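J.: 3D, please:
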Amino acid sequence: MTTVTPFLWFDNTAEEAVTFYTALIPGSEIVELSRYPQDVPGMGGRVMSARFRLAGTVYLAMDAGPQYAFTEAVSLFVSCADQAEVDRYWEALTADGGQEQPCGWLKDRWGLSWQIIPERLPQLIGDPDPDRAHRAVQAMLGMTRLVIADLEAAADGA
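T.: Residues are numbered from 1 along each chain as shown. Just a heads-up that it's a prediction; the model follows:
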């Protein structure tokens, strides 16, 4: 059976990132980790392959040098049940050099983009009342971390 697996290229911090991600997200684990042999110039001992699972989805990562960096063209989308979950992921992923971005997006300290989105957002912006939906979208566009109570208040015209 054919499989498709997201693959993450790190300069030399794959193990640190994968360990952080799997500790942060429930239901996650490092499945397998292999290292370059010590005799590989400039890469000896670094992560050649890390297979890990985040909330059921399998990923691969490796240390491969600084030739490529993450961009916002690819992001990991986290659907959050409530504000506490949004806040927990937001704080953890922006800590130690992460960067807040507009509309619930952020970059973690390794430069990987994430969308930390409350489950309530699609309901509000998909409201059958176009005025409510528009107000919710406008509120979202003015936020970095999404705040459910503020999105709801905006949708309600408060």
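J.: can we go C-alpha only for contacts and neighbour counts from here?
T.: OK.
J.: relative to its centroid, which residue of this structure is most remote?
T.: Summary for the chain: using Cα atoms, centre = their mean, the residue whose C-alpha lies farthest from the chain's mean C-alpha position is Asp39, with a distance of 34.1 Å.
J.: and the next helix or strand past the helix or strand encompassing Val18?
T.: With the criterion set as DSSP states H and E, the secondary-structure element containing Val18 is helix 14-24. Downstream of helix 14-24, the next assigned helix or strand under DSSP H and E is strand 29-35.
J.: send me the helix or strand just after that following strand as PDB with only the CA atoms.
T.: Once strand 29-35 ends, the next helix or strand along the chain (criterion: DSSP H and E) is strand 47-54. Once non-C-alpha atoms are left out, strand 47-54 reads as follows in PDB (Å, rounded to 0.1, in the frame of the first residue of the first chain):
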ATOM      1  CA  VAL A  47      19.900  12.300  13.200                       C
ATOM      2  CA  MET A  48      19.800  10.500   9.800                       C
ATOM      3  CA  SER A  49      16.100   9.600  10.300                       C
ATOM      4  CA  ALA A  50      13.600  10.100  13.000                       C
ATOM      5  CA  ARG A  51      10.200   8.500  12.600                       C
ATOM      6  CA  PHE A  52       7.700  10.000  15.000                       C
ATOM      7  CA  ARG A  53       3.900  10.100  15.500                       C
ATOM      8  CA  LEU A  54       2.000  13.300  16.400                       C
END
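J.: and the contacts of strand 47-54?
T.: Counting by Cα atoms under 8 Å, 6 or more residues apart in numbering, the neighbours of strand 47-54 from elsewhere in the structure are 12, 14-15, 18, 21-22, 25-36, 58-64.
J.: can you do 10 Å?
T.: Residues outside strand 47-54 that contact it (Cα atoms under 10 Å, 6 or more residues apart in numbering): 5, 7-15, 18-19, 21-37, 58-64.
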